[in-house]
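Q: fold the following and give me the result.
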Amino acid sequence: MAPTGADPSDTAPAGTAAATQADVDVRIARQRDAYEKTVADGARRAHHPARDYPPYRSTLLRHPRLPLVAVATARDPGAVELAAPAFGPTDVTGLDNDLTRQHPGEPLGERITVTGRVLDRAGRPVRGQLVEVWQANASGRYAHRRDRHPAPLDPHFTGAGRTLTDDDGHYTFTTIRPGAYPWRNHTNAWRPAHIHFSFFGTAFAQRLVTQMYFPGDPLLPHDPVLHSVTDDAARQRLIATYDHGLSRPERSLGYRWDVVLDGPAATWTEADR
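A: Just a heads-up that it's a prediction; the model follows:
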């Protein structure tokens, strides 16, 4: 799996004082109020966040203000574009979308089914395209060497899967609801449960890397990554809907999450961060 971007390895800019969750909550509220004021004053709604969002502290170091730095890619030119699990050259199989059946034993945690449609800007289904997911396990730990969170690894859960959309643009995954985990944005910072998604559209420029969140998670109001999407409607599009009709008897709880690849209603693109 590729590194998890804004996850446990992130730190605040050097030399900054440690902020508390209360400090970050106040900054999130100020950013939201300032944004709503600009909209009330006639500005157009921004469906994607600014590249620097002060409550998400490491963006102050990562957003582009300086000349570009050349990346040495002579040995592996494709590595610079890698932002998802590396599955290798094998074809997608019928089991790749069930993350609970990739090992001899059953993984620990609450089994869930996540399904939805992938659409273009006109609402048309995006057919036969690759969808990839990666996530932490039920204890909030990634199966990745850079994750140092002292939570247990699950020998029966790797946390990566893939599938192809059908003729109506549908995708489906069976997995385990991921746990929350700490990160170093501020004192006592915790990421809410989320699943990373990568979608390929009908052209490479339509590729979307993003995160899906769960309804009712008490950490949602405190997460600066989610709230960097300042527009409320755009932020709500990142939260799945519990759908009891998708729950499978004695098997899994069901969540629905539709995705729009581009256009004014596009789902937030994590790569913009």
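
Q: going forward, measure contacts and count neighbours with C-alpha atoms only.
A: Noted.

Q: so how far is the helix ranked longest in the chain off the chain centroid?
A: In terms of residue count, the longest helix belonging to the chain (DSSP state H) is helix 21-40. Centroid separation between helix 21-40 and its chain, computed with Cα atoms, centre = their mean, to the nearest Å, is 22 Å.

Q: do stretch 95-107 as well
A: Distance, centroid of stretch 95-107 to centroid of chain: 21 Å (Cα atoms, centre = their mean).

Q: any idea of the mean pLDDT for it?
A: For stretch 95-107, the mean per-residue pLDDT is 94.

Q: name the residues that touch it?
A: Outside stretch 95-107, the residues that touch it by Cα atoms under 8 Å, 6 or more residues apart in numbering are 111, 154-163, 172-176.

Q: returning to what we had before: what is the longest helix of the chain packed up against?
A: Judged by 3 or more Cα pairs under 8 Å, 6 or more residues apart in numbering; DSSP states H and E, helix 21-40 is in contact with helix 224-227.

Q: mind checking how far the helix it packs on is from the chain centre?
A: On Cα atoms, centre = their mean, the centre of helix 224-227 falls 11 Å from that of its chain.

Q: next secondary structure after it?
A: Where DSSP states H and E defines the elements, the next helix or strand beyond helix 224-227 is helix 232-236.

Q: which strands and helices lie in contact with that following helix?
A: Using 3+ Cα pairs under 8 Å, 6+ apart, helix 232-236 sits against no helix or strand.

Q: name the residues of it that are buried.
A: A234, R235 (16 or more other Cα atoms under 10 Å).

Q: quick check: what element follows it along the chain?
A: Proceeding N to C from helix 232-236, the next assigned helix or strand is strand 241-242, under DSSP H and E.

Q: can you tell me what sits against that next one?
A: With Cα under 8 Å, 6+ apart, strand 241-242 has contacts from F214, P215, G254, Y255, R256, W257.

Q: and stretch 125-134, by the same measure?
A: Identification of contacts with stretch 125-134 by Cα under 8 Å, 6+ apart yields 1, 84-85, 117-120, 159-171, 195-202.

Q: list buried residues within the contacts of stretch 95-107.
A: By 16+ other Cα under 10 Å, the contacts of stretch 95-107 give 111, 154, 156-163, 172-176 as buried.

Q: of the residues you listed, which belong to strands?
A: Judged by DSSP state E, strands contain the following of the buried ones among the contacts of stretch 95-107: R111, A160, G161, R162, T163, T172, F173, T174, T175, I176.

Q: distance of the last one from G88?
A: This means I176. 23 Å (Cα to Cα, to the nearest Å).

Q: roughly how far does the closest residue to T158 other than its chain neighbours sit from G159?
A: Excluding the flanking residues, the one nearest T158 by Cα to Cα, 6 or more residues apart in numbering is A143, at 5.8 Å. From A143 across to G159, the span is 7 Å (Cα to Cα).

Q: who touches both of the two?
A: A136, N137.

Q: one step back: what's the PyMOL syntax to select whichever of the contacts of stretch 125-134 are buried?
A: Listed next is the PyMOL selection for buried residues among the contacts of stretch 125-134, using 16+ other Cα under 10 Å:
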select buried, resi 1+84+85+117+118+119+120+159+160+161+162+163+164+165+166+169+170+171+195+196+197+198+199+200+201
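
Q: that concludes my questions; thank you for your assistance.
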